[in-house]
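Chemist: Next input, structure requested:
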Amino acid sequence: MSHKNLEELLQSVKNPVDLARNSQIGPYVYPKVQAEFSNWRDEQKSWRETCSLFDQSHHMTDMYLKGPDALKVLSDLGVNSFKGFEVNKAKQFVACNYDGYVIGDAILFYLDKELFSLVGRPSAHNWVQFHCETGGYKVSVERDERTVVNPKGRKLYRYQVQGPNANKVLQKLNGGPLPPIKFFNMGEINIAGRKVRALHHGMSGVPGLEIWGPAAEGDEIKAAILEGGKEFGIVNVGARTYATNTLESGWIPCPLPAVFTGEKMKAYRQWLPANGYEGTGSLAGSYYSNNFADYYLTPYDLGYGPFVKFDHDFPGKEALQKMAEAPRWKKVTLAWNGEDVTRAIGTMFQKGDRAKYIDLPLSNYGTWPYDKLMLGGKMVGVSTFCGYSVNERSMLSLGMVDIAHSKPGTEVRLIWGEEGGGSSKPVVERHVQTELRAIVSPVPYSEVARESYAEGWRTAKS
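Modeler: Numbers count the residues shown, from 1 in each chain. The predicted structure is shown next:
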């Protein structure tokens, strides 16, 4: 039986959480880009030691907002302040539901007068588009979907050139010194005789730019970057490696959208398609609840507290004002115990029960991973995005722990695997849960990233 919208889909089952727990969709897809160009170990090392080329052209949704009310709708929905926001600036846009829980986030680009683009996973885009269409705003919306659901093909290429040698590569391509572009600001450089727009972003906390232009020019620009970067050790990074950089930089890309409950959100659920991102995404891991709301996260949980500004009205403002007084969790990196990880992997070579397979380098097996963190027999937080970093020689995950247990060096127990032998997701083999020791650590985990981001935000505000 087909359902017209997300609300109908949720109402059709006894326990809506089971839909996500047993969704046949696996982890988020990074399509079309070759899995590995060399090997994922050397590809990971490149952003720390030489220079990486990331192809971001296919896995994110781009949505363009144009019109006299484009800035207004974004300000009305985002927790961010928009004071001083102007053309050629960007920001990490965060949107919440009416109770202050995060629906999604994306990078917001101020491209031109009355023209913006949102780039990222589609949950924030959907919320913004809903309000554009139902809120009486004078704004038009154009979506350029990620490649897996876009038979027409993408409008833009989008690349990231990053690493200690990135500026040397870019200066060579530009034919001279790079223009001074502040953190989260945009400018233009030259590559292969073409003007290319650039954002000073920084996925791993090291020098570099995110660049983009018409998709028809993408192959030409990529070839020029790889050729120009040879002498500086540039490495083409594959899809298998790409997402692991966030383990070192500390951005959590996978919060479950806080849209599945609440009467005030019903009209939105009736607008959302049943077969969209929200309706087909998969929930994975050892944390179980029959209430979707228990999986919701706040901006403070995700480390977005500094973005929340109460200088304007937005959904969830009153709730967040109360949360700001006493946040429940703190975002952390979790460094998994190597002996415990190898013990779990070792069950693959033994008779009897086996632990859930730990894939490398990225170990997520659902769209929204949630694993329990235990201390003294009590749950003290959740682990989300996880994988291996050759740069840190460690399995890492990004998560949240109770403020009382957030001191670096605290040891917790991460419960790896699902209950009852595992859900019916095709990517889940029959297994038993196992405990893995993990050390609560700073976020970003990489000292390079921590220092770079702190300096970047100081520069951006000056």
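Chemist: was I right about Glu36 contacting Arg240?
Modeler: Yes. Glu36 lies in contact with Arg240 (CB atoms under 8 Å); the separation is 5.4 Å. C-beta: built from backbone N, CA, C; applies to glycine.
Chemist: Pick out whichever of these two has more residues nearby.
Modeler: Under the neighbour definition other CB atoms under 10 Å, Glu36 and Arg240 were set side by side, and Arg240 has more, 20 against 16.
Chemist: how deep is the closest residue to Arg194 other than its chain neighbours tucked in, by neighbour count?
Modeler: Computed as CB to CB, 6 or more residues apart in numbering, the closest residue to Arg194 that is not its neighbour in sequence is Glu217, at 6.2 Å. Here the number of neighbours of Glu217 (other CB under 10 Å) works out to 17.
Chemist: Pretty sure Glu217 sits in a helix.
Modeler: Yes. With DSSP: H, G, I helix; E, B strand; the rest coil as the criterion, Glu217 is part of a helix.
Chemist: Surely Lys264 and Ala258 touch.
Modeler: No. Contact criterion CB under 8 Å: Lys264 and Ala258 do not qualify, at 11.6 Å.
Chemist: where do the contact lists of these two overlap?
Modeler: Shared contacts of Lys264 and Ala258, defined by CB atoms under 8 Å, 6 or more residues apart in numbering, are found at Asn97.
Chemist: Give me the more crowded residue out of these two.
Modeler: Neighbours per residue (other CB under 10 Å) separate Lys264 from Ala258, with Ala258 holding more: 27 against 11.
Chemist: Tell me which residues touch the spatially closest residue to the more buried one that is not a sequence neighbour, please.
Modeler: In space, not counting the residues next to it along the chain, Ala258 is nearest to Tyr101; the distance is 3.5 Å by CB to CB, 6+ apart. Counting by CB under 8 Å, 6+ apart, Tyr101 makes contact with Ala258, Ala293, Tyr296, Leu297, Thr298, Gly316.
Chemist: From the residues you listed, pick the one nearest Lys14.
Modeler: Ala293 (17.0 Å; CB to CB).
Chemist: I'd like to know which of the contacts of Tyr101 are buried.
Modeler: Buried residues within these, defined by neighbour count using 16 or more other CB atoms under 10 Å: Ala258, Tyr296, Leu297, Thr298, Gly316.
Chemist: Each with direction, which strands does the strand or helix carrying Arg437 pair with?
Modeler: Per DSSP states H and E, Arg437 falls inside strand 434-441. Strand 434-441 sits in its sheet next to strand 329-336 (antiparallel), strand 411-416 (antiparallel), going by DSSP bridges.
Chemist: deepest of these, which one?
Modeler: Most buried of the strands paired with strand 434-441, by mean neighbour count (mean count of other CB atoms under 10 Å): strand 329-336, with a mean of 24.
Chemist: still on that earlier bit, now do the strand holding Arg437: everything it contacts.
Modeler: By CB under 8 Å, 6+ apart, strand 434-441 touches 332-337, 340-341, 343-344, 347, 355-356, 373-374, 383, 397, 401, 405-417.
Chemist: gap between that strand and the chain center?
Modeler: 22 Å (CA atoms, centre = their mean, to the nearest Å).
Chemist: for that strand, what is the average pLDDT?
Modeler: Mean per-residue pLDDT for strand 434-441: 98.
Chemist: Repeat that for stretch 446-456.
Modeler: On average, stretch 446-456 scores 51.
Chemist: now stretch 247-264
Modeler: Stretch 247-264 comes out at a mean pLDDT of 96.
Chemist: could you pull out the helices for this protein?
Modeler: 6-11, 16-21, 40-49, 70-77, 122-134, 166-174, 218-228, 239-242, 245-249, 266-271, 277-280, 317-323, 338-346, 447-461 (DSSP state H).
Chemist: got the buried residues for the third one?
Modeler: Counting neighbours by 16+ other CB under 10 Å, one finds that the buried residues in helix 40-49 are Trp40, Asp42, Glu43, Gln44, Lys45, Ser46, Trp47, Arg48, Glu49.
Chemist: unless I'm mixing things up, the third one is touching Phe37, no?
Modeler: Yes. Glu43 lies in contact with Phe37 (CB under 8 Å); the separation is 6.9 Å.
Chemist: who touches both of those two?
Modeler: Joint contacts of Glu43 and Phe37 (CB under 8 Å, 6+ apart) are Val235, Asn236, Val237, Gly238.
Chemist: re earlier: would CSV of the strands paired with strand 434-441 with mean pLDDT and distance to Glu210 be doable?
Modeler: Formatted as CSV, the strands paired with strand 434-441 follow (pLDDT from 0 to 100; distance: least, CB to CB, whole Å):
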stretch, mean pLDDT, distance to Glu210
strand 329-336, 97, 23
strand 411-416, 98, 32
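Chemist: Adding distance to Gly250 as columns, could you present these in JSON lines?
Modeler: Formatted as JSON lines, the strands paired with strand 434-441 follow (distance: least, CB to CB, whole Å):
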{"stretch": "strand 329-336", "distance to Gly250": "7"}
{"stretch": "strand 411-416", "distance to Gly250": "18"}
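Chemist: Send over stretch 336-350 as CSV, restricted to the C-alpha atoms.
Modeler: What follows is stretch 336-350 as a C-alpha-only set of coordinates in CSV (Å, rounded to 0.1, in the frame of the first residue of the first chain):
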residue,chain,number,x,y,z
TRP,A,336,37.6,3.4,21.3
ASN,A,337,39.8,0.9,23.0
GLY,A,338,42.0,-0.8,20.4
GLU,A,339,42.1,-4.1,22.2
ASP,A,340,38.3,-4.2,22.5
VAL,A,341,37.9,-3.4,18.8
THR,A,342,40.3,-6.1,17.7
ARG,A,343,38.5,-8.5,20.0
ALA,A,344,35.2,-7.7,18.4
ILE,A,345,36.7,-8.0,14.9
GLY,A,346,38.3,-11.3,16.0
THR,A,347,35.0,-13.0,16.5
MET,A,348,34.8,-13.1,12.7
PHE,A,349,37.4,-15.8,12.8
GLN,A,350,36.0,-17.9,15.7
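Chemist: what's that stretch in contact with?
Modeler: By CB under 8 Å, 6+ apart, stretch 336-350 touches 353-358, 386, 394-397, 414, 416, 434-439.
Chemist: Mind checking which of the residues you listed are buried?
Modeler: 354-358, 386, 394-397, 414, 416, 434-439.
Chemist: wouldn't Ala95 be in contact with Val79 here?
Modeler: Yes. Ala95 sits in contact with Val79 when judged by CB under 8 Å, with a separation of 7.2 Å.
Chemist: and the two? which has more neighbours close in?
Modeler: Ala95 (28 against 24).
Chemist: give me every residue that touches the more buried one.
Modeler: Contact analysis of Ala95 by CB under 8 Å, 6+ apart lists Leu77, Gly78, Val79, Val102, Ile103, Gly104, Asp105, Ala124, Trp127, Val128, Pro315.
Chemist: The first one: how many residues sit nearby?
Modeler: A count of neighbours around Leu77, defined by other CB under 10 Å, yields 23.
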